[in-house]
Structures are given as C-alpha cells and as structure tokens.
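Novice: okay, here's the prediction I keep looking at, along with the sequence it came from:
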Amino acid sequence: MVHFVGAGPGAADLITLRGLKYLSEADVIIYAGSLINKELLNYGKAEAEMHNSAHMTLEKVIDVIKRAEKENKDTVRLHTGDPSIYGAIREQIDILKSMDIQYDVVPGVSSFCGAAASLNAEYTLPDVSQSVIITRMKGRTSVPERESIGSFAAHRSTMILFLSSGLTEELSKELIEGGYEKNTPVAVVYKATWPDEKIFRCTIESLHQTMKDNNITKTALILVGNFLGHDYERSKLYSPKFTHGFREGIK
Ligand code: SAH
C-alpha cells in the first residue's frame, strides 16, 4: 500500500492526524526533501527506510515503491502542502494503477492556506473578490496560453502565484497590462508557517524591487488583490437581518 500524504506548508504540527498516523507506521518514506520540514521524519519508525525524492527521478521513486510492495511493506510518499497543488502525483498514481498497486491520498494544508493564516487574511471578501485564482508564471514548465496571467488579471480577483519568485519583473508587467491597478496590494510570504517565515507587503508596481531588496528567490508565494486592502462589505450570513436555515433574521 502507498499513501500519498500532504505534509502541510512547513510547521510540523500542521500535518493531519491521518497523515501522521500513516507516517508513523510506514516501512518506507519517500519525502520531497527540498520543501518538507525534516522534523516530520522523526515521527517515522526508527527502522523505516528514508528516501529524499529531491535526488530521484520518477522512475527511481517507482523502483523504491515496487521493491517495498514485493516485500509487503507500506510506503508513505510525503509531499509538501497539499499533494493536489503542483504535487506531480498524477504521474505516480497512473503508474501504480497500471501495476495494480493499492494507494490512497491524504490531503494536507496547502501553503496558500498557511500564508493566509500568517497574514490573518481572508481571500474571499464580500464585494472585493469571491474567487481565488491559483496559478504560476510559465518557466521551464509551460502554462497553456489560454491561462495567461494577463487573462486572469482582467478579473482583478484574488490571485495566488506559486513557483514564480524568480519571475517577478515579467509578472508585474503582465498583471498591470492585464487589468490590475499598479498600486494593487501584494503580500509575499516566504516560508509560510516555518520558524524563519518572512512577510513583505508591497504593490504590484514595487513587487520586483521588494523581491530583489530582500533576496527572495524561492519558497515564496505571491498574493495579489484588494483582499489585502481595508474595504469590504460585511457578510450576509452573519447579518442580523439575514434569515437562513439555522437562524431567523430580524424583520
Ligand atoms: N503542494 C504544495 C506546492 C508545491 S509547489 C502546496 O500545496 O503548497 C512548490 C511551491 O510552493 C514553491 O515554489 C512555493 O511557491 C510554494 N510553497 C511551498 N511551501 C511554501 C511555504 N511554506 N511558503 C511559501 N511558499 C511555499
């Protein structure tokens, strides 16, 4: 059996109880060493076999799993944040399926949720934005043309950029050309929920300079939108006048 487990964004106590249980029972642990908090590995059995996937290809990862299966061992494949976001789990799952190896997926706290918590922010403010766009700049991995930053920027909704720290000059340009005001607030959250987390607040226009001044080149999220501003409407759900299935509003 293979468990794909979301390790959470950084702080070791942000893994789920289910993830922790599988981790502590695993015979083989394959972890994404570039981003996983190594403290989590202390929860593994002393005799558990550990592999850092940062040094491995997909083929190598599958070889380790195949061998573990032959020996009737349980494997945990530990991914950072939540495995469904830029986790490259689909390609692993498809191979396991083709080999009739059992697997399941345990969700994790994605770094974009960790970053919101660090900022005490809400991405979906009434009258500001009710949508969250999760995307990335194209780099060595391409992004479909119809998902250009410019086309998303036209909505001026909340936008979260993964994997884009090294591309902020172009990012700012595309955000502004696409439709955001250049003074739209931005927060950069470096290593959200880790002990050495850093938060930088700026605007789309000053984003690139802020990244340069603070030497941020990786492990950061760039959060864009007026959810970082002061204005919003209060929610209908908690308004005294609003009636719903669980509460009668004042007439
Ligand atoms: N599955 C992960 C994302 C993996 S892609 C998740 O759900 O969070 C790797 C990218 O995620 C990094 O380049 C960075 O943009 C972002 N990231 C991961 N952990 C982070 C953290 N603790 N703080 C800020 N960004 C993080």
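Specialist: Yes, it's here. The shown structure was predicted, so the numbers you read here are calculated from the model rather than taken from an experiment. Numbering: from 1, shown residues only.
Novice: can you map out the helices along the chain?
Specialist: 17-25, 58-70, 90-98, 111-119, 149-153, 168-178, 207-213 (DSSP state H).
Novice: relative to the ligand, which of those is closest?
Specialist: The ligand lies closest, by CB to the nearest ligand atom, to one member of those: helix 111-119, at 3.3 Å. The way it works is simple: take the backbone N, C-alpha and C, and place the C-beta from them, glycine included.
Novice: does that closest one reach the ligand?
Specialist: Yes - contact of helix 111-119 with the ligand (CB under 6 Å from any ligand atom) involves S111, G114, A115.
Novice: residues touching whichever residue of the chain sits closest to the ligand, list them.
Specialist: Per CB to the nearest ligand atom, the residue of the chain with the smallest distance to the ligand is G81, at 2.1 Å. G81 makes contact with G6, A7, G8, P9, L35, G87, G108, V109, S110, S111, F112, G114, according to CB atoms under 8 Å, 6 or more residues apart in numbering.
Novice: ok, 10 Å please
Specialist: Contact analysis of G81 by CB atoms under 10 Å, 6 or more residues apart in numbering lists 6-10, 14, 32, 35-36, 87, 107-114, 162, 192.
Novice: nearest residue to T203 other than its sequence neighbours?
Specialist: Leaving aside its sequence neighbours, T203 sits nearest to N183 (CB to CB, 6 or more residues apart in numbering; 4.8 Å).
Novice: could you count how many residues lie near F227?
Specialist: 22 (other CB atoms under 10 Å).
Novice: what pLDDT does it get?
Specialist: Among the per-residue scores, F227 holds a pLDDT of 98.
Novice: could you do H155 as well?
Specialist: In this prediction H155 is given a pLDDT of 98.
Novice: I figured it hits I133, correct?
Specialist: Yes - H155 lies in contact with I133 (CB atoms under 10 Å); the separation is 7.1 Å.
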